[in-house]
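Student: what's the 3D shape of this:
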Amino acid sequence: HREKNNPQVHVFWCISLCTQLDWLDQGGALVIIRYFSGVFLLVIGFILFFPLDNSVQQPASTGVDVIGDLLGPPTHKSTTGSESPVTHKPTDSEPPVTHEPIEPVTTPATGDPKPVTPIGELIGDLEFAVNNVWPLPIETTSKIEKALKVSEEVEISIEAPTQNEKVNQYVKKTFKLFWEDMKTRKDHRTITSAIGASVIPRINVSIKKSADPFAPPFGDNEKYTLTVLENAIEIKAEAFWGVQHALQTLRQICLVYKLDDTRQFILPFGIDISDSPRLPYRGLLIDTGRAFLSVPHIKKVISGMSMLKMNVLHWHITDDQSFPIEIKKYPYLHTNGASWLGYTHNQGTYGAPQTPGRFYSQKEISEIVEFAVLRGVRVIPEIDMPAHTRSWGKGYPEIISKCPNYVSQRASHLKGQYVVNLQLDISVPKTFEIVEAVISEVWDLFPDPIMHVGGDEFFPECWTEDAAQTGRIHQVLYDTSFLSRRKYFDYKIREIIKKKGESSGTKKKMMYWSEAFTDGVIPEIQEKTSTIIQIWNAKELASSTNSRFPFVISNGFYLDLQYKDLTWWNFYSRNPLQGVPSQNHHLFIGAEACAWELTESSSYSNELWPTPNERTGTWFRGWDSKVWLKLIAFSENVWSGSGIRSSSESSVTPVIRKVVSHMKGLGLNMPDFCEPNHADVNNPEVCFPKY
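Tutor: Model prediction:
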C-alpha cells in the first residue's frame with residue numbers, strides 16, 4: 001500500500017518485503033544467507049532514501065527517471081512566502097507606489113540549451129517563472145511544493161453563461177493556439193532524462209458573467225483567476241477575455257523541457273493568481289497612412305500585444321500619404337490614393353519599396369479583426385479628417401481644398417511634399433457623400449463601439465486661401481470663420497454617425513485627437529459619454545481634461561524617433577496622469593503608445609535639420625527595434641501600475657530580459673536585450689537601441 005503523504009515509507013517496506021517473502025518455508029544456511037541479504041538491502045535502502053546529509057543531490061538517471069516517478073520533485077517554497085500573497089492594488093489616480101518593491105528572483109531564466117538535472121533545477125526554474133510573470137498580477141499566492149505535467153490531451157471543461165456555443169468555440173480555439181505555441185516554443189531547456197511528475201487530467205474553465213461575454217474587453221470583464229491543483233487547472237473569468245489573459249499567464253509559468261524529439265510541459269503545484277487590469281484602455285497605435293504594413297506583420301503585432309495583455313489596437317489607417325483601405329462605393333479612393341506618395345523623408349524614400357495602390361481589402365480587414373478578437377485585442381479604426389486627407393483627392397480631386405500657395409509654403413526642402421497636410425472641401429456636397437460612404441463601410445468592417453475620426457493638426461490657411469470654397473460655404477454658414485467651419489464639419493459627421501447607428505441598430509462613440517477640443521469644436525457637446533478625447537500634447541493636458549470628457553493619454557508614450565530621448569525605463573516608470581489636474585483623474589480611462597512613421601522592415605533615415613541639434617544624424621526606423629522593448633515596459637505600466645515592480649531600473653532589467661526571451665521563444669522577431677552595453681551597439685537588429 002502506497003502511503004500518500006510519505007512515499008519513503010512505502011519504498012522502505014517494499015524493499016523489506018522483497019527480501020523476505022516466500023522464505024519462511026526455507027531452512028538452514030539458506031535462511032541465514034537470505035536473512036543477512038535482506039538486512040543488507042534494508043541498510044542500502046535506508047541510506048538511499050533517508051540520507052544523513054540533506055545536501056547530497058539525487059543522481060541523474062538515464063532513460064526513465066524511476067526515482068523521480070517514485071518520489072516526485074523535492075519540496076521547495078516560493079520566495080514570495082508560503083502563505084502571504086504578493087499584491088499590488090494602486091488607486092484609480094495612481095499615487096506614488098507605497099508598497100515594498102518586488103525584486104526579481106535571480107534564478108537563471110529558461111532558454112539555456114545546456115542539459116539540466118530535472119530534480120536539481122526544476123523548482124528553481126518554476127519559482128523564477130512564477131515570480132516574474134509579466135505584467136505583474138494583482139495577487140499571487142505561491143507555495144510551490146512540487147511539479148506537475150500537463151499535455152495537449154488534457155480534458156477541457158467549459159462552463160459558460162447559458163452554455164453559449166460561441167464562447168465554447170472561442171475557448172477551444174484559444175486552447176488550440178496555446179498548444180500550437182507551446183509545441184513550437186524556442187525557449188525550452190534540454191534534459192537527458194524524463195521528469196517524473198503527476199499529470200494534470202483536466203482544465204476547468206468557468207465564465208461567470210451573465211451579460212454578453214463578448215462585449216469589448218474593457219477592464220472589469222478582463223478579470224481572471226488561475227489556480228494549479230493536482231487534479232485540475234482552474235480558470236475563472238468574468239468574460240472570454242479573462243480566459244485569454246489567464247492562458248497568457250499560463251504560458252509564462254509553464255516550462256518546456258525537451259527530451260530528444262519530445263517535449264514535457266511542467267507547471268508548479270500550489271499557485272493561485274488573481275488578476276485584473278488597472279486601466280481598462282491599454283492601447284498601441286499603428287500607422288499605415290505613411291508606410292504599408294503587411295497583414296502578417298499586423299497579425300504579429302496583435303500576437304505580441306496579446307502576450308502583454310494589451311487590449312486596444314488603434315489603427316491609424318489613412319493619412320495624406322496613403323488611403324490604403326478598400327471602399328467599394330468609391331473605389332478610386334484606394335486605387336488612386338493608396339501609397340501614392342511613398343514613405344519619404346529628406347528627399348529620399350527608405351524602407352521597403354512602396355507599391356502604389358497597395359491597400360487592405362475588406363476581406364483582409366475582417367480577417368485581421370477576427371484574428372485580434374481571438375487574442376483579446378479590440379481594433380479601433382481611425383479615418384483622419386477633415387485634415388490629413390490629401391490622399392482622398394488623388395481619386396476625387398473635387399473634394400479637396402485648393403490652396404497652392406499654402407502647399408508651396410508648407411512643403412519642406414528636407415521632406416518635400418511628404419509634410420503637406422490638406423483638408424477636405426466642406427462646401428461641396430460630394431464631400432459628405434464620400435465621407436458617409438467611408439464611415440458606413442468602416443463601421444461595418446470594425447464592430448468595435450468606438451470609431452476614431454482624427455480631427456488633429458488643422459491649418460486654417462488653406463481654407464482661407466480657397467476663395468471659391470469660402471463663397472460656397474457662405475451660402476450655408478453666415479459666419480465663415482475657421483471655428484464656425486470646424487463646428488459645421490463636426491455637426492455633419494455626427495449626423496452621419498447618428499443616421500448609420502439608427503439604420504444598423506448599433507451605436508458608436510466618437511474619438512478625437514485633443515486639438516478638436518482645444519480648437520473649440522466639441523466643448524458644447526452635451527452627451528459627454530459619447531465622445532472620447534485622446535491627448536498627445538503636454539500643452540493640452542489641463543484644458544482637454546477639464547472638458548469633462550473621458551480621455552486617453554498618449555503624451556509621453558510616443559515611439560517614433562522625434563522622441564528619441566524616451567528610453568524603455570520612461571515607458572515603465574512614467575505615471576500617465578502626470579500633469580493632469582487631480583480633479584479630472586476620474587475621467588481617465590487609459591493610455592496608448594503611438595508607433596508613428598515606422599517601417600515593417602529594417603530602414604534608416606538621415607535626419608537633417610536646418611540647424612544642428614540632437615535630431616541630426618542617421619536614425620533607425622525599423623519596427624522590431626523601435627517598438628517591442630518599450631512596449632513591453634509600457635504594458636506593465638498600464639496593467640499593473642507605473643514602477644510597480646521596483647523603483648530601480650537595474651532591478652527590473654533582469655525581468656525585462658526574461659520577457660524578451662519569452663516573446664522571442666514564442667516566435668516574435670525582435671533583437672536581444674543587451675543591457676548594460678546596448679548603448680554602444682551600432683547594430684539595432686542585434687540589440688535593442690537605447691532610444
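Student: CA only for contacts and neighbour counts going forward, please
Tutor: Noted.
Student: got the contact list for residue 642?
Tutor: Contacts here follow Cα atoms under 8 Å, 6 or more residues apart in numbering; on that basis residue 642 touches 572-575, 636.
Student: go on, residue 510?
Tutor: Counted by Cα under 8 Å, 6+ apart, residue 510 has contacts 450-453, 530-532.
Student: Give me the lowest-pLDDT entry from the residues you listed.
Tutor: In terms of pLDDT, residue 530 ranks lowest among the contacts of residue 510, with 85.
Student: what's the closest non-adjacent residue to that one?
Tutor: Once flanking residues are discounted, residue 530 sits nearest to residue 509: 4.8 Å by Cα to Cα, 6 or more residues apart in numbering.
Student: Mind checking the pLDDT average for the helix or strand harbouring residue 144?
Tutor: Counting by DSSP states H and E, the element that carries residue 144 is strand 139-150. Strand 139-150 shows a mean pLDDT of 89.
Student: next structured bit after it?
Tutor: That would be, after strand 139-150 and using DSSP H and E, strand 155-159.
Student: ok, that following strand: who's next to it in the sheet?
Tutor: Take DSSP bridges as the rule and strand 155-159 pairs in its sheet with strand 202-207 (parallel).
Student: Pull out the buried positions in the strand it pairs with.
Tutor: Residues of strand 202-207 classed as buried by neighbour count (16 or more other Cα atoms under 10 Å): 202-203, 205-207.
Student: cool, stretch 288-304 as well?
Tutor: 288-293, 298-299, 301-304.
Student: These into a markdown table, with extra columns for secondary structure and distance to residue 253?
Tutor: Listed next are the buried residues of stretch 288-304 as a markdown table, based on DSSP: H, G, I helix; E, B strand; the rest coil; distance: Cα to Cα, whole Å:
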| residue | secondary structure | distance to residue 253 |
| --- | --- | --- |
| 288 | coil | 35 |
| 289 | coil | 39 |
| 290 | coil | 39 |
| 291 | coil | 37 |
| 292 | coil | 36 |
| 293 | coil | 32 |
| 298 | helix | 27 |
| 299 | helix | 24 |
| 301 | helix | 22 |
| 302 | helix | 21 |
| 303 | helix | 18 |
| 304 | helix | 17 |
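Student: Name the nearest of those residues relative to residue 379.
Tutor: Nearest to residue 379 out of the buried residues of stretch 288-304 is residue 302 (Cα to Cα; 9.6 Å).
Student: element containing the nearest residue to the closest one once chain neighbours are set aside?
Tutor: Leaving out its chain neighbours, the residue that sits closest to residue 302 by Cα to Cα, 6+ apart is residue 372, at 6.2 Å. When elements are assigned from DSSP H and E, residue 372 belongs to helix 362-373.
Student: Packing partners of that helix?
Tutor: helix 295-307, strand 378-385, helix 429-445 (3 or more Cα pairs under 8 Å, 6 or more residues apart in numbering; DSSP states H and E).
Student: What segments of the stretch 201-350 of the chain are helices?
Tutor: 240-253, 295-307, 332-337 (DSSP state H, counting those that start in this stretch).
Student: quick check, distance from the strand holding residue 144 to the centre of its chain.
Tutor: 25 Å (Cα atoms, centre = their mean, to the nearest Å).
Student: so it versus strand 202-207, what angle?
Tutor: 140 degrees (axes from the mean of the first three to the mean of the last three Cα atoms, to 10 degrees).
Student: Output the contacting helices and strands for strand 139-150.
Tutor: Using 3+ Cα pairs under 8 Å, 6+ apart: strand 139-150 touches strand 86-87, helix 118-131, strand 198-199, strand 262-275.
Student: Would you list the phi and psi of residue 389?
Tutor: Taking degrees, to the nearest 10, you get phi -120, psi 20 for the backbone angles of residue 389.
Student: The closest residue in space to it that isn't next to it in sequence and residue 559: what is the separation?
Tutor: Once flanking residues are discounted, residue 389 sits nearest to residue 320: 5.0 Å by Cα to Cα, 6+ apart. According to Cα to Cα, to the nearest Å, residue 320 and residue 559 sit 20 Å apart.
Student: and residue 391, what does it touch?
Tutor: Per Cα under 8 Å, 6+ apart, neighbours of residue 391: 319-323, 333, 337-338, 340.
Student: Hmm, the residue nearest to residue 302 is touching residue 301, no?
Tutor: No - using Cα atoms under 8 Å, residue 372 is not in contact with residue 301, being 9.8 Å away.
Student: picking up where we left off before, mind putting the helices of the stretch 201-350 of the chain into a markdown table with distance to residue 220 and mean pLDDT?
Tutor: Output for the helices of the stretch 201-350 of the chain, formatted as a markdown table (distance: least, Cα to Cα, whole Å; pLDDT from 0 to 100):
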| stretch | distance to residue 220 | mean pLDDT |
| --- | --- | --- |
| helix 240-253 | 9 | 96 |
| helix 295-307 | 17 | 97 |
| helix 332-337 | 39 | 94 |
